[in-house]
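Novice: Below is the sequence, then the predicted model.
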Amino acid sequence: MTTDVLNNNLIEALKMKIPDGSNLANELMDILYIGKEAVYRRLRGEVPFTLAEAATLSKKLGVSLDQVVSAGFTNNTMFNLNFLHYSEPLKTYSSIIRHYTEVLETIAGDPESDLCTASNMIPQAFYLRYEYLSRFRLFKWMYQHEKVNCVKNFSELQLTEELADAQKKFVNISQEIETTNYIWDQLIFKHLVNDIKYFQDIHLVTEEEVAKLKEELFHLLDELEEIATIGKYPISGKNVNIYISNIDFEATYSYVSMKNFEFGMIRIFSINSISSKDKEFCQSQREWIKSLKRFSTNISVSGEIQRIQFFNAQREHIKML
């Protein structure tokens, strides 16, 4: 791909990102700290944008350099592989959560911001605020990967201050999105209960730790029922719609957006994920989550009978611990 093509792709992407009524040249002058003539030479294609300039514009305006490079190609979506490094799992897990926090900070507070998640596991935005639940999810991942041998049982895993702080910030910013839509598997709590019981049976989680996990699950369930009843986050007042799926789905699919910004993610390997800002991928995510709504029941504010039945069923699952 020639420099001219890349430069033209970048210019077209920039035009789509600036607010309506704004002048692209003026925006570039303010961001890149270069003169008017230097900006117009770049826009006319006489001088290409440097890599440093393109990176700066990508950060400031949310332009995906993946899209700039892959424009004109089909089936060529670029993904970010948010995988943990085996040598430093806590440190890299903390950096991944900070990355997600930065994504949400980009759209938080925008009146058009929207987050949609179809999940067969309890969302991070809820369980990360609980000490034992957040530790258990990470412990399970570590146990499944033989390359991670820094802990032998649940008691040995202690979260670093850096990770605990990253989790707290993620939970807080996730409640600042204008509208959040959750679609949950009917057995969302049962899956976790089964995991806890397994590790209890092989003596890697103690009776006392199971009791703590059980207590946190009941607190979490009460929190979720309150949110579903009022249809809002109690502190931020932002809108929350919770749907219960009547069919199974294979993974966790997420999509966030506001005007001129999209971000899609598919969770894999328990706590890992692949993500992308690719327009076609985000559209596919949006359409897939939308299709799942057709097979789901809204229990936020309305659907009182279904809401009561769902939360009662989850409590029965937790009681099995």
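Specialist: Looks like it arrived, so ask away.
Novice: can you pull out the helices in the stretch 51-200 of the chain?
Specialist: Using DSSP state H, counting those that start in this stretch, the helices of the stretch 51-200 of the chain run over 51-61, 65-70, 89-107, 124-127, 131-144, 161-174, 188-201.
Novice: Dump those helices to JSON lines, plus mean pLDDT.
Specialist: Listed next are those as JSON lines, based on pLDDT from 0 to 100:
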{"stretch": "helix 51-61", "mean pLDDT": "81"}
{"stretch": "helix 65-70", "mean pLDDT": "63"}
{"stretch": "helix 89-107", "mean pLDDT": "83"}
{"stretch": "helix 124-127", "mean pLDDT": "90"}
{"stretch": "helix 131-144", "mean pLDDT": "88"}
{"stretch": "helix 161-174", "mean pLDDT": "92"}
{"stretch": "helix 188-201", "mean pLDDT": "94"}
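Novice: any chance of these in JSON lines, plus distance to residue 117?
Specialist: The C-beta positions use only the backbone N, C-alpha and C, and glycine is treated the same way. Listed next are the helices of the stretch 51-200 of the chain as JSON lines, based on distance: least, C-beta to C-beta, whole Å:
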{"stretch": "helix 51-61", "distance to residue 117": "25"}
{"stretch": "helix 65-70", "distance to residue 117": "22"}
{"stretch": "helix 89-107", "distance to residue 117": "12"}
{"stretch": "helix 124-127", "distance to residue 117": "8"}
{"stretch": "helix 131-144", "distance to residue 117": "16"}
{"stretch": "helix 161-174", "distance to residue 117": "10"}
{"stretch": "helix 188-201", "distance to residue 117": "12"}
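Novice: Which one of those helices lies nearest to residue 219?
Specialist: Nearest of the helices of the stretch 51-200 of the chain to residue 219, taken as C-beta to C-beta: helix 131-144 at 9.6 Å.
Novice: Identify each buried residue in the closest one, please.
Specialist: Neighbour-count burial for helix 131-144 flags 132-143 (criterion: 16 or more other C-beta atoms under 10 Å).
Novice: Likewise for stretch 255-264?
Specialist: Neighbour-count burial for stretch 255-264 flags 255-258, 261-264 (criterion: 16+ other C-beta under 10 Å).
Novice: avg pLDDT for that stretch?
Specialist: Mean pLDDT, computed over stretch 255-264, is 80.
Novice: quick revisit: determine which two of the buried residues of stretch 255-264 are furthest apart.
Specialist: In terms of C-beta to C-beta, the buried residues of stretch 255-264 reach their longest pairwise distance at 258 and 264, which sit 13.8 Å apart.
Novice: picking that back up, nearest to residue 28 among the buried residues of stretch 255-264?
Specialist: residue 261 (18.7 Å).
Novice: Provide the secondary structure category for residue 242.
Specialist: Secondary structure assignment for residue 242 (DSSP: H, G, I helix; E, B strand; the rest coil): strand.
Novice: How many residues are close by it?
Specialist: Residues lying near residue 242 (other C-beta atoms under 10 Å) number 24.
Novice: Any idea what it is bridged to?
Specialist: Beta-bridge pairing for residue 242 (DSSP bridges): residue 182.
Novice: contacting residues for it?
Specialist: 182, 184, 224, 227-228, 298-300 (C-beta atoms under 8 Å, 6 or more residues apart in numbering).
Novice: now residue 301
Specialist: 229-231.
Novice: So, low pLDDT: which residues of the stretch 201-321 of the chain?
Specialist: Counting by pLDDT under 70, the ranges of the stretch 201-321 of the chain that qualify are 268-273.
Novice: before we move on, back to that, mind checking which of the contacts of residue 242 are in strands?
Specialist: Mapping these onto strands (DSSP state E) picks out 182, 184, 298.
Novice: Tell me the spacing between the first one and residue 275.
Specialist: So that's residue 182. Distance, residue 182 to residue 275, by C-beta to C-beta, to the nearest Å: 18 Å.
Novice: Just give me the closest of the contacts of residue 301 to residue 54.
Specialist: residue 231 (42.2 Å).
Novice: what about the closest one, neighbour count?
Specialist: Neighbour tally, residue 231, other C-beta under 10 Å: 15.
Novice: I'd like the numbering to begin with 145 instead of 1 from here.
Specialist: Taking 145 as the first residue, the last one we looked at is residue 375.
Novice: As a markdown table, the buried residues of stretch 399-408 with distance to residue 347 and secondary structure would be great.
Specialist: What follows is those, written out as a markdown table (distance: C-beta to C-beta, whole Å; DSSP: H, G, I helix; E, B strand; the rest coil):
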| residue | distance to residue 347 | secondary structure |
| --- | --- | --- |
| 399 | 40 | strand |
| 400 | 40 | strand |
| 401 | 46 | strand |
| 402 | 48 | strand |
| 405 | 48 | strand |
| 406 | 46 | strand |
| 407 | 41 | strand |
| 408 | 40 | strand |
